[in-house]
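Undergrad: what follows is a predicted protein model with its sequence.
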Number of protein chains: 2
Amino acid sequence: MKRKLLIPGLLLTALASGAFAQEKVDAAMVQKIREEGLQRSKVMETAFYLTDVSGPRLAASPGLKRAQNWAVSQLTKWGLVNAKREPWGKFGKGWEVQKNYAAITVPYYHAIIAIPKAWTPGTNGPIKSEVVLIKADTTTDLDKYKGKLQGKVVIFDVATTLKPGFTADAERYADSTLTKMADAKPQGPRQQRPANFANSPQFAAMRRARAMRTAINEFLKTENVGLILSMARGTDGTVFTTNGASYADTAKAVAPELETSGEDYLRILRLIKGGQKVELEADIKTQFFTEDMQEYNVIAEIPGTDKKLKEQVVMLGGHLDSWHAATGATDNAAGSAVMMEAMRILKAVGFKPKRTIRIALWSAEEQGLHGSRNYVLNHLGDPKTMELKPDQKKISAYYNLDNGTGKIRGIYLQGDSAAGPIFKAWLDPFKDLGAGTVTVGNTGGTDHLAFDAVGIPGFQFIQDPLDYGTRTHHTNQDTYDRLVEDDLKQAATIVASFVYHTAQRADMIPRKEQPKPQGTN
Amino acid sequence: MKRKLLIPGLLLTALASGAFAQEKVDAAMVQKIREEGLQRSKVMETAFYLTDVSGPRLAASPGLKRAQNWAVSQLTKWGLVNAKREPWGKFGKGWEVQKNYAAITVPYYHAIIAIPKAWTPGTNGPIKSEVVLIKADTTTDLDKYKGKLQGKVVIFDVATTLKPGFTADAERYADSTLTKMADAKPQGPRQQRPANFANSPQFAAMRRARAMRTAINEFLKTENVGLILSMARGTDGTVFTTNGASYADTAKAVAPELETSGEDYLRILRLIKGGQKVELEADIKTQFFTEDMQEYNVIAEIPGTDKKLKEQVVMLGGHLDSWHAATGATDNAAGSAVMMEAMRILKAVGFKPKRTIRIALWSAEEQGLHGSRNYVLNHLGDPKTMELKPDQKKISAYYNLDNGTGKIRGIYLQGDSAAGPIFKAWLDPFKDLGAGTVTVGNTGGTDHLAFDAVGIPGFQFIQDPLDYGTRTHHTNQDTYDRLVEDDLKQAATIVASFVYHTAQRADMIPRKEQPKPQGTN
């Protein structure tokens, strides 16, 4: 609140536009970084190993472990030190798909596009059954199915229909959008849900719907159902995926469940509702991994060389884990490859930083930022109590990239207004590459929040959205083909320059007011 | 040529804009037709039976036969007479997919999206093999693979990359586009390729490429290859399909071939080119049908009631066959359902036409308009010689619908300028539904051409393109979900009104100059 009064919108705009900017930019080094990053890039090769070669990288899966091991090895080859998979604590079960086949066989043959929900079991070999439409508004409605669903494939009614795409999948931010971001006012602390929400009719309805779905799923498990079909978001062969069970080692057993493409789901549903018999055959095999319930982050460093400053650290990172239906190219091999490439660029230009530079490739971000949050908890402090460790004071800033393959258009200050003029100056040499916007606004949903929560300046860059929300984010189509080479090169170049300047700056990045322990106001 | 001089562009525009239009419109009947077509439509129910219930409708397949039988039965239920599957001659082998499964298993498991090419054989049970990249610019290059490909999965190099979609999949015609169509000048006869094209370097290159591909495929068949992967057009899970062999009963045997989604194909290719081993398992079963090599059109009538005019016929139709990867909803269950619905509307409003009305649902359009061309040959005349049968004089007009699910925006005159003022008047009551454009221009690619070729006025309506070219036309995503209900209702209503007025008009639709025998100029 205080900060808002001190730096109102207009003044901030003036600061952000560089009127007061005295921040130093090392033009010669920027030029070197640009040449390395734009002309001798390895970012697509890195992305190839993280996606195509490693495969899907669900938290605790063999695919993620392959990618982590490759990253440790590659960062070491580039001359980074202390590269390792660092355990951050207990996560839960690993899981991967080992067979995925389903097709309708009556009224005619048609192989469907569908993805097992993460952490669900398989079918224990091939199954074949009529598809049964489950109609149940209350648990009593389930009684009529008792003893009749053994080995059966089941489906639920939905009201959804699909529409032609009159809007393009991909877009870049318009200048007007960026201007609006730049003009944003500082936001207060994140709004909590109003205290009375828990008593509202909406909440009650939500709770009832969730309870009903849980009851149905438990019933289906008890009845030993063969396979559950649920309708995936997405269209045209694009399937958005989720998890169908918890990864916890204590999680209750569930029935096998396939997230089915809209077109295939609705066809089966229309047929059944139209009085036609539908049969489906399927063979789903999934494998759980319980040998090592820990999960790991990849960490590596370029050590600082200045006697006084080398204990201070500039951090950069992104999460390396993905969902399981594709190879998580834009979510988030893109960010991981860009951050690795930024490190490669800094080594390639022969940079000996004053401060230590540390890259972190997080895990289990998709399940709740677990990798970064536990890193912070282990090394920096506890946001719940705000009991801080000594290293909390030594991290100058953490830079994150996790909004897809789109190029960098600027940076979110996450309320840290004092960093605005600095970043504005650092972006200045990249205006020709489309990056110049500094917004005091917040962005959520990824690992910079873990640092922000303990008072360390944590930033996510503004990235062009492209087709992240429409086609790639968590889908079966998030493959290497979705990566835009020029955008990734641009991003790595800008990140390298930010990290360079953060490492060399006389002072650390200024901090905003220290957050209060979580749960207090 | 003569016609062009007699009716120059400006005068035609004046005619088309209604300045000379005296054509009668039966406003009361139009109102009845609108009410039946827009408020009591059955078009989506019809489409459901043609798509979801019948399945893929490749020429001569069981799916097409199911749809034909259903259409005959439904048209009869609506009160049409002489409904039948009418054989039009020899087509070739029927074919359908009965199992379709393929997945990479090394370096990790991933089920791919891929469709067997039409009329290709299956794998004779499950196979599993390393994927071999075939590099051959000349037949001599093939020697190095001799004896090494037995049972192997093979792939070819391509230079393609995929791009984000910055353009919307679907669009409707802008007013400016329709105005441009309306202003089009009459076109001369279709341009032949220049006589010297056969001697051009481009033609030689095309011929060489085709010969090389044929040589490779024959080599692969001889080597008893397990499965060919070829890259499909399309992205995001959408796969455009084609045929991989001839349907002729004399066709040479070919190897099994899977048209593979761009994302999956390129992933396999990148891995192999990046030095990684890829293994693929597959189980493809396809079935040929050779009991009945004939193919059929569905024909049904509302008989004329005027003593003099009932021998004359108004025809309407569209092709019912489709490609095999989906249920051919927009290509062309849409047009078939609309034409059936137009007949239903005319029966429902109690119409007793002066002229006979005949619907035709063609087959094997996708292989070269075979159904309509053979119908014309059997009943109306031979376009090669222009030897005409007596019935050629009795068909007033043929109306076709086959450009997807988009609503009717007007009609192509196909050079028949004299029909312009008539159609302009008939479209007038549908301006509020977006249909008003009459263009003298031609459109190609579908069954009205068969009638046009023997001098019978044959017309295709102008339809909004929506996502026909980008997502649905010949793809695995051409399902019922792609149909736009309001557009189909609008189209059926307008077609019914056109057919009504053609049946009742004092004169037949005026004809353009009789075409010359094909091959003459």
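TA: Nice, I can see it.

Undergrad: which residue sits closest to the residue of chain A found nearest chain B in space, ignoring its chain neighbours?
TA: Proximity of chain A to chain B (Cβ to the nearest Cβ) peaks at A:Gly237, 1.9 Å away. Just so you know, the C-beta spots here come from the backbone N, C-alpha and C atoms, and that holds for glycine as well. Counting by Cβ to Cβ, 6 or more residues apart in numbering or on different chains, the nearest residue to A:Gly237 once its immediate chain neighbours are dropped is B:Gly237, at 1.9 Å.

Undergrad: and the one you found, what's its pLDDT?
TA: Among the per-residue scores, B:Gly237 shows a pLDDT of 97.

Undergrad: Three-state assignment for it, please.
TA: Three-state call for B:Gly237 (DSSP: H, G, I helix; E, B strand; the rest coil): coil.

Undergrad: OK, contacts around it?
TA: Each residue near B:Gly237 by Cβ atoms under 8 Å, 6 or more residues apart in numbering or on different chains is listed here: A:Ile113, A:Asp236, A:Gly237, A:Thr238, A:Val239, A:Ser261, A:Asn476, A:Gln477, B:Ile113, B:Ser261, B:Glu263, B:Gln477.

Undergrad: can you redo these as TSV with distance to A:Leu388?
TA: Below are the contacts of B:Gly237 laid out as TSV (distance: Cβ to Cβ, whole Å):
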residue	distance to A:Leu388
A:Ile113	49
A:Asp236	49
A:Gly237	49
A:Thr238	44
A:Val239	43
A:Ser261	48
A:Asn476	42
A:Gln477	42
B:Ile113	50
B:Ser261	50
B:Glu263	46
B:Gln477	54
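
Undergrad: give me the distance between A:Val349 and B:Pro353.
TA: Noted for A:Val349: a distance of 83 Å to B:Pro353, by Cβ to Cβ, to the nearest Å.

Undergrad: these two: which has the busier surroundings?
TA: In terms of neighbours (other Cβ atoms under 10 Å in any protein chain shown), B:Pro353 is the more surrounded of A:Val349 and B:Pro353; the figures are 21 against 16.

Undergrad: can you tell me the closest non-neighbouring residue to the more buried one?
TA: When the adjacent residues along the chain are set aside, B:Pro353 lies closest to B:Ala503, with 3.8 Å between them (Cβ to Cβ, 6+ apart).

Undergrad: repeat that for A:Leu133.
TA: Excluding the flanking residues, the one nearest A:Leu133 by Cβ to Cβ, 6+ apart is A:Ile272, at 4.8 Å.

Undergrad: now A:Asn374
TA: Closest residue to A:Asn374 in three dimensions, ignoring its sequence neighbours and counting by Cβ to Cβ, 6+ apart: A:Trp88, at 3.8 Å.

Undergrad: so which strand or helix has the one you found?
TA: With secondary structure defined by DSSP states H and E, A:Trp88 is part of strand A:81-90.

Undergrad: just checking: what are the partner strands of that strand?
TA: When pairing is defined by DSSP bridges, strand A:81-90 lines up against strand A:294-302 (antiparallel).

Undergrad: residues from the stretch 251-400 of chain A in reach of chain B?
TA: Within the stretch 251-400 of chain A, the positions adjacent to chain B are A:Ser261, A:Gly262, A:Glu263, A:Leu266, A:Arg267, A:Arg270, A:Leu271, A:Gly274, A:Gln276, A:Ala326, A:Thr327 by Cβ under 8 Å from any Cβ of the partner chain.

Undergrad: which ones among the residues you listed map onto helices?
TA: The helices in this structure, assigned by DSSP state H, contain A:Gly262, A:Glu263, A:Leu266, A:Arg267, A:Arg270, A:Leu271 from these.

Undergrad: return the per-residue confidence for the residue nearest to the fifth one when sequence neighbours are not counted.
TA: Closest residue to A:Arg270 in three dimensions, ignoring its sequence neighbours and counting by Cβ to Cβ, 6+ apart: B:Asp52, at 5.4 Å. B:Asp52 is assigned 98 on the pLDDT scale.

Undergrad: circling back: by neighbours, which of the contacts of B:Gly237 wins?
TA: Per-residue neighbour counts (other Cβ under 10 Å) across those peak at A:Asp236, which has 31 neighbours.

Undergrad: looking at it, it is touching B:Thr238, isn't it?
TA: Yes. A:Asp236 lies in contact with B:Thr238 (Cβ atoms under 8 Å); the separation is 4.9 Å.

Undergrad: which residues do the two both contact?
TA: Applying Cβ under 8 Å, 6+ apart, one finds that A:Asp236 and B:Thr238 are jointly contacted by B:Arg471, B:Gln477.

Undergrad: now the residue nearest to B:Pro353: which helix or strand?
TA: Using DSSP H and E, B:Ala503 sits within helix B:485-504.

Undergrad: avg pLDDT for that helix?
TA: For helix B:485-504, mean pLDDT is 98.

Undergrad: what number of residues lie near the spatially closest residue to A:Ala184 that is not a sequence neighbour?
TA: Leaving out its chain neighbours, the residue that sits closest to A:Ala184 by Cβ to Cβ, 6+ apart is A:Gly441, at 4.2 Å. Neighbouring residues of A:Gly441 were enumerated by other Cβ under 10 Å; the total is 18.

Undergrad: A:Gly441 contacts A:Asp183, doesn't it?
TA: No. The pair formed by A:Gly441 and A:Asp183 falls short of the contact definition of Cβ under 8 Å, at 9.8 Å.

Undergrad: so what does A:Thr446 have for phi and psi?
TA: Taking degrees, to the nearest 10, you get phi -150, psi -170 for the backbone angles of A:Thr446.

Undergrad: pull the contacting residues for it.
TA: Going by Cβ under 8 Å, 6+ apart, A:Thr446 touches A:Gly318, A:His319, A:Glu365, A:Leu369, A:Asn400, A:Asp402, A:Asn403, A:Gln460.

Undergrad: could you give the mean pLDDT of stretch A:187-203?
TA: In this model, stretch A:187-203 has an average pLDDT of 70.

Undergrad: what about it, how long is it end to end?
TA: In stretch A:187-203, first residue to last residue: 26 Å (Cα to Cα, to the nearest Å).

Undergrad: ok, now stretch A:306-317?
TA: 23 Å.

Undergrad: one step back: show me the two of the residues of the stretch 251-400 of chain A next to chain B that sit farthest apart.
TA: Farthest-apart pair in those is A:Gly274 and A:Thr327; separation 37.9 Å (Cβ to Cβ).
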